[in-house]
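In: need a structure here:
(2 chains)
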There are 2 protein chains.
Amino acid sequence: KSMCKYTGSFPVSFVCCATAYLLPASSGEEITRGFLQELVNILFTYICKSSQRSSKVLDFHHPHQLKEGLDGFNLNLPDQPETLEQILVDCRDTLKYGVSTGHPRFFNQLSSGLDVIGTAAEWLISTANTNMFTYEVSPVFILMEEVLLRKMQSIVGWSSGEGDGIFCPGGTISNLYSILVARYHFYPEVKTRGMGVLPQLGIFTSEHSHYSVKKSAAVLGLGTENVVVVKCDERWGLVPFYVNATAGTTVYGAFDPLDAIADICHRHSLWMHVDAAWGGGLLMSDRHRMKLQGIERAWSVTWNPHKMMGVPLQCSAILVKKRGLLRQCNELGAEYLFQADKHYDVSYDTGDKSIQCGRHVDAFKLWLMWKAKGSQGFGAQVDKCLENAEYLYDQLQRRTGFELPEHSNVCFWYTPPSLRGLPLGPDRDTRLHQVAPQIKGRMMEKGSVLIGYQPLGAKVNFFRCVFSNPATQQEDIDFLLDEIIRLGHDL
Amino acid sequence: KSMCKYTGSFPVSFVCCATAYLLPASSGEEITRGFLQELVNILFTYICKSSQRSSKVLDFHHPHQLKEGLDGFNLNLPDQPETLEQILVDCRDTLKYGVSTGHPRFFNQLSSGLDVIGTAAEWLISTANTNMFTYEVSPVFILMEEVLLRKMQSIVGWSSGEGDGIFCPGGTISNLYSILVARYHFYPEVKTRGMGVLPQLGIFTSEHSHYSVKKSAAVLGLGTENVVVVKCDERWGLVPFYVNATAGTTVYGAFDPLDAIADICHRHSLWMHVDAAWGGGLLMSDRHRMKLQGIERAWSVTWNPHKMMGVPLQCSAILVKKRGLLRQCNELGAEYLFQADKHYDVSYDTGDKSIQCGRHVDAFKLWLMWKAKGSQGFGAQVDKCLENAEYLYDQLQRRTGFELPEHSNVCFWYTPPSLRGLPLGPDRDTRLHQVAPQIKGRMMEKGSVLIGYQPLGAKVNFFRCVFSNPATQQEDIDFLLDEIIRLGHDL
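Out: Okay, the predicted model is just below:
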């Protein structure tokens, strides 16, 4: 026990009970500052490295390798405390064996990039460590969320008298909210009596929409079989109530014709939802927002600022046109948590709107980035992403060995020389199907660049290149194509 | 445009386009480091202040006051970017008008405290900015989650051959998972065909259980009416399938008799869930874990390390005894996102277990704190919280003007002198009901301390004091009682 002393200035070298000397321990300022400063040095080094093209995108190891404890990086949980020095080593190792999602050559996910302002905002959020359920504990964050939701509603095109919404943990949950609220809108008795008293309801969505529509149907008790995938119209006995239109599909980045869908929904009094998780960012761009024409006619909209707008994960909003519905649908009058006799305007307590109870502060990241960039800055950022996509598209057409269909996300096959003479048909397809996984495997081992691939429908595995990373320049796109050829020409 | 130059060393003084000079901009290191350093100074000052008893717990303003823009703090979103200096001022103001949940005198919520290691972990998580859906982009975090879940399962008392689970955004979502999985376990056809093909299902829970059980019943299409609140046994025609037992109720901190409930569930083949969102932390304490005896017989458990274990928000786990069920229940085989032909062991991709798609990294906070404290440190921290509760309980019995029922959370009324002579009955109740809200209102205006209150059942408004904040000492408890008397003696 006598060894548990803080023996001098930082870096700390004592052997145990380190955390007992951090704040809120009395006289804990110095050691806390020293520890946090060391951590910030590690994080800053990581941020710098992430932006350097010469650094690896990832340092790949298989699960069993990491579990065995590489270079002393031990994942197991101890009974006794570790030293603060070891904690800092753990932090460094955690980053070392992770994936640099902010690297200019990370093309793997719809969410990428490392926005310094957004990161700073998240540091503040975690330091504030509070909860979005009441104004009482989150006065500023609750108001920021309201300001953002109103702004997003006006950008969607709703009038100032309409619109409601909430930030929630990801686009899948946002889409789940949309179906939940739509069901309640048409059948409010479902809340108390359950699905047993409702007719067999049907949902319409497109073949390429995100799987969250089906997942929500399973969770909500609607059943995945009752999700009608458009083009399969021989269905029986369902009462349609909800149509999901996608603005920016996951794989192709395709946009459903929102106005045409809105006409049909209007004619049949159906709830129209627009899943703009990916495409919503385009609303910030004067050049590209026309791709979402008709979105103002939607009854609900999913929009993920953590995708094309580059906000750190997670930041997703569900917007609902009809005010009050979200609360009516989800409130349970738990007065023991949401007291109506508090001394302030309790309409600012959002707990009754949410299907969560505690809720993380996600709005502040978007708010602070909006302050730092302005609406114009977000517009320019989105334009840049789309310029990168255009550049890649042009390059693919100029080079040999690449084939592509036409879409917003740039999806393409690489055909190694050995396949180029083969006739189109199942044999060639079987071999082409294996090319992208093999190149991706080599890419991950090498750590030079990261891009996703997938099959879709009758199409064999193809690469999907998405642009949401503001760090990406044309040279990175050239590098990507060169690297695919380097890693794949011998297949 | 010519004004958009970085004109020297930090603090920055240029007027616009500030973010254009931050990383990943070339030569952005210096300005990025300067900006983050300034931010860290602000955050560190806040952390120090939060731990000082002389500082206010909150600086309360009504919504309309904050919206009007106090001292230039403008919540509105600009078209043009702000300067980095203004961004830092915004950060300072955001903290200034917020609530210090880490203050030793913040007793308001089940989640409180400001753990330096946990905060550091969250800073790292936001810097890493990745997503828990695949091993591909979160190799280290996925394995840490697995290690934690196994450890928690063994602490609950499950054998090494059983147990599955996932971290998710809050205890309400964890509880929702438990009902979702239980329904699927008994009626797997619900996933594809919906609730229409099932009998009218019933859920059992206690009167004082968290409202998330009812909320989940509404979301999942079961209907809130079909949640049977124990003691109301005149129900009709329901097929019971799920029983929720609470280990640590929200208001009283009461524990259901888990072994007795497990006996009944076993006899009738019902799914037994234990909502240990609040009480789960006691499992870390050798002295107190017997309050959860029988939890090892549960089929699923909710456990929120962000409550008594002091992990920053959010950190909640749902544990499921039967391995594989979580994946079967929630997978949709979206091969375009979760490719089976990747070059590593894809059983580590958790996306198919979750009802989310993207998922925030919450596990790392708990992992790093576990490294820093060890199992023993967490045990000691929990013991300290319970000692504080005992101390308050003793003090309340010694002082005049306080009444209390007996519970784990310390719940009590303060009766001002003017009420003390009154006979028990509706008149006194009506007046006593207004005491806690009035004291709380004064408390918030003064910002000296923060504690929650609520009515429950036939009981009029009472204070609920919960201890999860490691910063709290006995002097803070004395202060709380003195302050209640100061603010309430004239009522």
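
In: Show me the strands in the stretch 251-400 of chain A, by range?
Out: With DSSP state E, counting those that start in this stretch as the criterion, the stretch 251-400 of chain A has strands at A:271-276, A:300-303, A:316-320.

In: actually the stretch 1-150 of chain A, not the one I wrote
Out: Taking DSSP E, counting those that start in this stretch, the strands of the stretch 1-150 of chain A run over residues A:106-107.

In: now the helices for chain A?
Out: For chain A, helices defined by DSSP state H occupy the ranges A:29-50, A:63-68, A:84-96, A:116-128, A:139-156, A:171-186, A:190-193, A:212-219, A:258-268, A:325-330, A:363-398, A:417-420, A:426-446, A:474-488.

In: chain center to the last one, what's the gap?
Out: Relative to the mean C-alpha coordinate of its chain, helix A:474-488 is positioned 26 Å out (C-alpha atoms, centre = their mean, to the nearest Å).

In: Put the alpha carbons of stretch A:330-342 into PDB.
Out: Provided in PDB are the C-alpha atoms of stretch A:330-342 (Å, rounded to 0.1, in the frame of the first residue of the first chain):
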ATOM      1  CA  ASN A 330     -44.100   7.300 -27.400                       C
ATOM      2  CA  GLU A 331     -45.100   9.000 -24.200                       C
ATOM      3  CA  LEU A 332     -46.100   6.800 -21.300                       C
ATOM      4  CA  GLY A 333     -46.700   9.500 -18.700                       C
ATOM      5  CA  ALA A 334     -44.000   8.200 -16.400                       C
ATOM      6  CA  GLU A 335     -44.400  11.000 -14.000                       C
ATOM      7  CA  TYR A 336     -41.800   9.600 -11.700                       C
ATOM      8  CA  LEU A 337     -39.200  10.600 -14.300                       C
ATOM      9  CA  PHE A 338     -40.900  13.500 -16.200                       C
ATOM     10  CA  GLN A 339     -42.500  15.500 -13.500                       C
ATOM     11  CA  ALA A 340     -45.100  18.000 -14.800                       C
ATOM     12  CA  ASP A 341     -44.800  20.300 -11.700                       C
ATOM     13  CA  LYS A 342     -41.200  21.400 -12.300                       C
END
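
In: Nearest to B:Ala218, out of the helices of chain A?
Out: Nearest of the helices of chain A to B:Ala218, taken as C-beta to C-beta: helix A:190-193 at 4.7 Å. Every residue, glycine included, has its C-beta placed from N, CA and C.

In: From what I see, A:Val197 and A:Glu189 are in contact.
Out: Yes. In this structure A:Val197 lies within contact range of A:Glu189 using C-beta atoms under 8 Å: 6.0 Å.

In: ok, the residue nearest to A:Gly279 when sequence neighbours are not counted - how many residues close by?
Out: Distance criterion C-beta to C-beta, 6 or more residues apart in numbering or on different chains; nearest residue to A:Gly279, sequence neighbours excluded, is A:Gly248 at 2.7 Å. A:Gly248: 28 surrounding residues under other C-beta atoms under 10 Å in any protein chain shown.

In: Report the contact partners of A:Gly248.
Out: Going by C-beta atoms under 8 Å, 6 or more residues apart in numbering or on different chains, A:Gly248 touches A:Ala254, A:Phe255, A:Ala276, A:Ala277, A:Trp278, A:Gly279, A:Gly280, A:Leu282, A:Ser408.

In: mind checking how far it is from A:Trp303?
Out: Look at A:Gly248 and A:Trp303: by C-beta to C-beta, to the nearest Å, they are 10 Å apart.

In: ditto for A:Val410
Out: The gap separating A:Val410 from A:Trp303 is 22 Å, by C-beta to C-beta.

In: What of A:Ser354?
Out: A:Ser354 sits 17 Å away from A:Trp303, going by C-beta to C-beta.

In: Ok, A:Val311 next?
Out: A:Val311 sits 11 Å away from A:Trp303, going by C-beta to C-beta.
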